[in-house]
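Chemist: Turn this into a structure:
(one chain, ligands or ions: 1)
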Amino acid sequence: MNDYLNKLNETVNYIKGKVNFIPKTAIILGSGLGSLADDVTDAIVIPYKEIPNFPVSTVAGHKGELIFGKLEGKDVILMNGRFHYYEGYDLSMTTYPIRVFKLLGVENLLLTNAAGGLNESFDKGDLMIINDHLSFFAESVLRGPNIDEFGPRFPAMNDAYNKGLIEILKPIMSEVTGKCNIGTYAYMKGPTYETPAEIKALCLLGADAVGMSTVPEAVVATHCGIKVAGITCITNMSVGSKTEVASHEDVKETARKAEANFKEVVKRFIKAI
Ligand code: HPA
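Modeler: Numbers count the residues shown, from 1 in each chain. Sure, this is the predicted structure:
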C-alpha cells in the first residue's frame with residue numbers, strides 16, 4: 001500500500017514540476033474525441049511514457065498524453081488515451097490517473113466514451129448523458145485493501161454521476177443535438193462485443209447503453225470525492241430494427257461523424273462549470 005502511495009506521489013511530483021497551474025477539471029477523451037486536444041490553448045503536453053509509474057496505452061489510435069491548458073478560457077487537464085481492463089492491466093492501474101488527479105487537486109471529472117445503444121429511442125451517432133451505471137458483472141475496481149486516504153471501505157454510489165453536473169449538461173445537450181438522451185451505462189469487461197443473450201439481459205436490467213470503459217474511473221473518482229459527469233456517444237445500435245453487428249471500424253467511423261457535436265457539448269459544459 002505504502003509502495004502504491006509512494007508511486008502516486010512520485011508521479012504527482014513529476015507532473016507538478018512540469019506545470020505551473022493545476023486545473024480543477026479533468027476530461028478523459030473517449031473514442032473519436034481525441035481531436036479536442038487540438039482546441040486546447042497554452043497547452044503543455046506530457047506523454048504518458050515520460051511520466052514515472054504512469055501506465056501506457058496499448059489501443060491503436062489512442063495517443064497517450066496528458067494535456068494541461070485552456071479550453072474555452074478554463075484551465076483543464078485532458079487525458080488523451082485511457083486504460084481499459086481488457087488491455088490486461090491490473091485493475092488498480094486502469095484508474096491510476098484518477099488518483100493522480102485527486103492528489104493534484106482536481107475536483108470535477110468529465111468521462112466520455114463510445115458505447116452500443118440499448119434504448120430503441122436512440123439513433124446511431126446520438127449522445128447520451130450518463131446518470132447511472134450497472135457493473136455487477138465485473139470485479140470492483142476497489143477490490144482489495146481499502147486506501148483510507150482516498151475514501152471509505154464501503155462508498156455510496158447514489159451520486160456517482162453528479163446531479164448538479166447533469167442539470168448543467170441537460171440544456172446544453174438539447175441545444176447542441178436537439179435531443180436530451182439520458183440513461184444507464186452498463187459496463188462490460190470486453191474485449192468481446194455482447195452476445196444477443198447479453199444484450200437481451202442488459203435491456204431487461206434497464207441499461208440504455210453498453211461499453212467497456214468509464215465505470216472503473218467513475219467508481220474511483222466517487223470513492224475519493226471527485227464529482228463525475230459522463231457523456232456517451234452511441235456509435236452502434238444493439239437493439240431493435242436499427243441493430244447492426246458491432247465492429248471497431250464502425251464504432252470509430254460513427255464517433256468521427258458525431259465528433260463536432262460531441263466537442264461542442266464538452267466545450268459548452270466546461271464553460272458552464
Ligand atoms: N459494446 C461494448 N462496447 C462498445 C460498443 C458496444 O456495442 N460500441 C462501442 N463500444
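
Chemist: and the residue nearest the centre of the chain, helix, strand or coil?
Modeler: Against the mean C-alpha coordinate of the chain, by CA atoms, centre = their mean, the closest residue is Leu111 at 2.8 Å. At Leu111 the chain is in strand, as set by DSSP: H, G, I helix; E, B strand; the rest coil.

Chemist: does any part of stretch 79-92 sit near the ligand?
Modeler: No. For stretch 79-92, no contact with the ligand is found by CB under 6 Å from any ligand atom; the gap never falls below 9.8 Å. (Glycine included, C-beta is placed from N, CA and C.)

Chemist: And that stretch, end to end?
Modeler: End-to-end distance of stretch 79-92 (CA to CA, to the nearest Å): 17 Å.

Chemist: so what's the residue in the stretch 1-150 of the chain that the ligand sits nearest to closest to, chain neighbours aside?
Modeler: Closest contact between the stretch 1-150 of the chain and the ligand, by CB to the nearest ligand atom, is at Gly116 (2.3 Å). Nearest non-adjacent residue to Gly116, counting by CB to CB, 6 or more residues apart in numbering: Ser238, 4.1 Å away.

Chemist: how close does that neighbour sit to Ile28?
Modeler: The gap separating Ser238 from Ile28 is 23 Å, by CB to CB, to the nearest Å.

Chemist: And the helices in this protein, which stretches?
Modeler: With helices called from DSSP state H, the chain shows them at 2-18, 91-94, 96-104, 163-177, 196-204, 215-223, 248-272.

Chemist: Low-confidence stretches in the chain?
Modeler: For the chain, residues meeting the criterion pLDDT under 70 lie at 1, 59-62.

Chemist: Contact residues of it facing the ligand?
Modeler: The chain has residues 114-116, 188, 193-194, 210-212, 235-236, 238, 246, 251 near the ligand, with proximity defined as CB under 6 Å from any ligand atom.

Chemist: repeat that for 5 Å
Modeler: Contact residues (CB under 5 Å from any ligand atom) of the chain with the ligand: 114-116, 193, 210-212, 235, 246, 251.

Chemist: That'll do, ta.
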